[in-house]
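>>> below is the sequence, then the predicted model.
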Protein chains: 2
Amino acid sequence: MEKIFDSIYKLINIASGQANAEAVNSLSQETKLGFFSILKRKEFPKGYVLNTPDRICDEVYIVEKGLLCNTMLIDGKEIGAGFYAEGGIGGDIISFLTRRESKRTVKLVEPSVLWVINFHDLEAFYKKFPESERIARLLYNYVIIIQQQRIEDLVSESAQVRYQKLIERFPDIIPRLPLNFVATFLGITQETLSRIRSQK
Amino acid sequence: MEKIFDSIYKLINIASGQANAEAVNSLSQETKLGFFSILKRKEFPKGYVLNTPDRICDEVYIVEKGLLCNTMLIDGKEIGAGFYAEGGIGGDIISFLTRRESKRTVKLVEPSVLWVINFHDLEAFYKKFPESERIARLLYNYVIIIQQQRIEDLVSESAQVRYQKLIERFPDIIPRLPLNFVATFLGITQETLSRIRSQK
DNA sequence: TTTCCTTTTTGATAAAGGTCAAGAATAAAT
DNA sequence: ATTTATTCTTGACCTTTATCAAAAAGGAAA
């Protein structure tokens, strides 16, 4: 259980600093247990599809082990949208949070061990333990920050620099992802990424 | 005062649908008055600078009339980051929410009438009226959705299509913004945008 | 109005990245 | 281990966008 809250602590720390992350530690034991009780630990094989488009996504996942990614289909092309490895919280977060129909496919890149969070269980948890709202708000900050960094890179840097920044930011994850995913995540083709990689 | 809550309703409606937006209407009158009491209505001249980089941004603004934008400085270049007109809520939202040092300049494109929200007043308001937390969470969804749309366009569309989508989405605002702002917001140069515009 | 300054447009050229096609390398399956 | 299917790399060529430079247009101020 400590591992779970450690993951949350780390994500908030990245987005909103240590002082805010301490809010996780100061949660009451009841709240922590309450949260832990809505989690379901499950194992999935490589390639397993957790979500398909056109329905509201009711689950997000805390990654204990493995790697998952989500892609969106735009003009018939599969485009990388997000990836989550050990310690990450992922899935189709956009659909999950906004309760809109998903545009994404969520799929496992590696065999994984995930802690499943159901939306309705989470809502009930918020209601029962209102001090958790603050944590949720801080986790939202993480989503916003990550999106923001991506936007900044996309509008201001060349493909090469964007790729470099991405491996610097996630050196242990990027090599595990398929080339096509990483390329489209950066807004380029796989051919271009292949060339960038071979340049050094 | 009704105008203020109408703006909030509309933003939540866009991001999370009408059912969620109704949460604004179901707020108690005390909460509404409590929120209204932390707002300060101010008028500003064109070109007025509301925020400069390297400090934590303590204010966001509900726009009654006018237009403001924020830009970030990357590699010595001024890059468009966000814009907010009548009914919008804006400023350096990233710094405001995450309590990190701002990277942005927030500036008025037109003479404007703004309702100023101070961070500490807002925190106190959340504490005093916990039912407001839900509204805050729904407004976060709006930020996430808007960022998401921008990312999707940036990775999947040509400059021309990106521009077209942008004017379709904000037909009344884009023509009021400087060319260079719109161009860098789209991740292109002003020369390229000028050519795109003249093509039809 | 006239001047000054900023913003926008246009042109020529270069660089970055895309597309199409084929081959090499990996990984999965029998 | 061999076949089959994916994924990745490489090459040739084309399109889009950036860069540099200069002119035109528009606004603000005297």
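That came in fine, so what should we check first?
>>> chain A: helices as residue ranges?
Read by DSSP state H, chain A holds these helices, from start to end of the chain: A:2-25, A:29-38, A:93-98, A:119-128, A:132-156, A:159-169, A:179-185, A:190-198.
>>> so which residue is smack in the middle of chain A?
Computing the C-alpha centroid of chain A and ranking residues by CA atoms, centre = their mean puts residue A:90 first, at 3.1 Å.
>>> thinking again about what came up before, in JSON lines: the helices of chain A, plus mean neighbour count, distance to DNA strand C and mean pLDDT.
Where you see a C-beta, it was placed from the backbone N, CA and C, and this is true even at glycine. Converted to JSON lines, these look like this (neighbours: other CB atoms under 10 Å in any protein chain shown; distance: least, CB to the nearest atom of the strand, whole Å; pLDDT from 0 to 100):
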{"stretch": "helix A:2-25", "mean neighbour count": "16", "distance to DNA strand C": "27", "mean pLDDT": "94"}
{"stretch": "helix A:29-38", "mean neighbour count": "14", "distance to DNA strand C": "33", "mean pLDDT": "97"}
{"stretch": "helix A:93-98", "mean neighbour count": "23", "distance to DNA strand C": "23", "mean pLDDT": "91"}
{"stretch": "helix A:119-128", "mean neighbour count": "14", "distance to DNA strand C": "32", "mean pLDDT": "95"}
{"stretch": "helix A:132-156", "mean neighbour count": "19", "distance to DNA strand C": "11", "mean pLDDT": "92"}
{"stretch": "helix A:159-169", "mean neighbour count": "15", "distance to DNA strand C": "3", "mean pLDDT": "96"}
{"stretch": "helix A:179-185", "mean neighbour count": "21", "distance to DNA strand C": "8", "mean pLDDT": "98"}
{"stretch": "helix A:190-198", "mean neighbour count": "14", "distance to DNA strand C": "3", "mean pLDDT": "97"}
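>>> as JSON lines, those helices with distance to chain B would be great.
Supplementary listing: the helices of chain A in JSON lines, determined by distance: least, CB to the nearest CB, whole Å:
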{"stretch": "helix A:2-25", "distance to chain B": "5"}
{"stretch": "helix A:29-38", "distance to chain B": "15"}
{"stretch": "helix A:93-98", "distance to chain B": "5"}
{"stretch": "helix A:119-128", "distance to chain B": "9"}
{"stretch": "helix A:132-156", "distance to chain B": "4"}
{"stretch": "helix A:159-169", "distance to chain B": "10"}
{"stretch": "helix A:179-185", "distance to chain B": "7"}
{"stretch": "helix A:190-198", "distance to chain B": "13"}
